[in-house]
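S.K.: A predicted structure for the sequence below; I have some questions about it.
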Amino acid sequence: MADSMAKIEVKDNGKGIPADFDLNRDANTGLSIVRNVVQRDLNGSLILSGGKGTTATITWPAPSHLRC
């Protein structure tokens, strides 16, 4: 499977992020570092979504030695 993806999802039940939150515009230093590592080192993506709490989803191509 050449297109196998790995995924990590982290959820909390806090106040959540604002509806107009933009990761590129509003990220603090820590989030900027995480985004850069995910994009540059893993060739992946980081998506934050709100509502009741916040969900952070990181996906990246699974290394071939970890594919089923």
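M.R.: Received the coordinates, thanks.
S.K.: mean confidence score for stretch 50-57?
M.R.: For stretch 50-57, mean pLDDT rounds to 91.
S.K.: oh sorry, the question was meant for stretch 15-29
M.R.: Taken as a whole, stretch 15-29 has a mean pLDDT of 88.
S.K.: Any buried residues in that stretch, and which?
M.R.: Gly16, Ile17, Ala27 (16 or more other Cβ atoms under 10 Å). Every residue, glycine included, has its C-beta placed from N, CA and C.
S.K.: Next up, the contacts around the first one.
M.R.: Right, the one you point to is Gly16. Residues near Gly16 by Cβ atoms under 8 Å, 6 or more residues apart in numbering: Gly50, Gly51, Lys52, Gly53, Thr54.
S.K.: Can you check those and name whichever has the most neighbours?
M.R.: Comparing the contacts of Gly16 by number of neighbours (other Cβ atoms under 10 Å), Thr54 comes first, having 17 neighbours.
S.K.: Now do that residue against Thr29, distance only.
M.R.: According to Cβ to Cβ, to the nearest Å, Thr54 stands 18 Å off from Thr29.
S.K.: What of Gly44?
M.R.: Remark: distance between Gly44 and Thr29 (Cβ to Cβ) = 20 Å.
S.K.: ok, for the residue most central in space within the chain, nearest residue in space, not its chain neighbours?
M.R.: The chain has Leu46 as the residue nearest its centroid, 2.4 Å off, counting by Cα atoms, centre = their mean. Distance criterion Cβ to Cβ, 6 or more residues apart in numbering; nearest residue to Leu46, sequence neighbours excluded, is Val38 at 4.6 Å.
S.K.: ok, that neighbour - how many residues close by?
M.R.: Using other Cβ under 10 Å, Val38 has 19 neighbouring residues.
S.K.: mind listing the helices for the chain?
M.R.: Under the criterion DSSP state H, the chain carries helices at the ranges 23-26, 29-36.
S.K.: Which residues outside the first one are in contact with it?
M.R.: Counting by Cβ under 8 Å, 6+ apart, helix 23-26 makes contact with Leu31, Arg35, Leu46, Ile47, Leu48, all of which sit outside it.
S.K.: Good, we can wrap up now.
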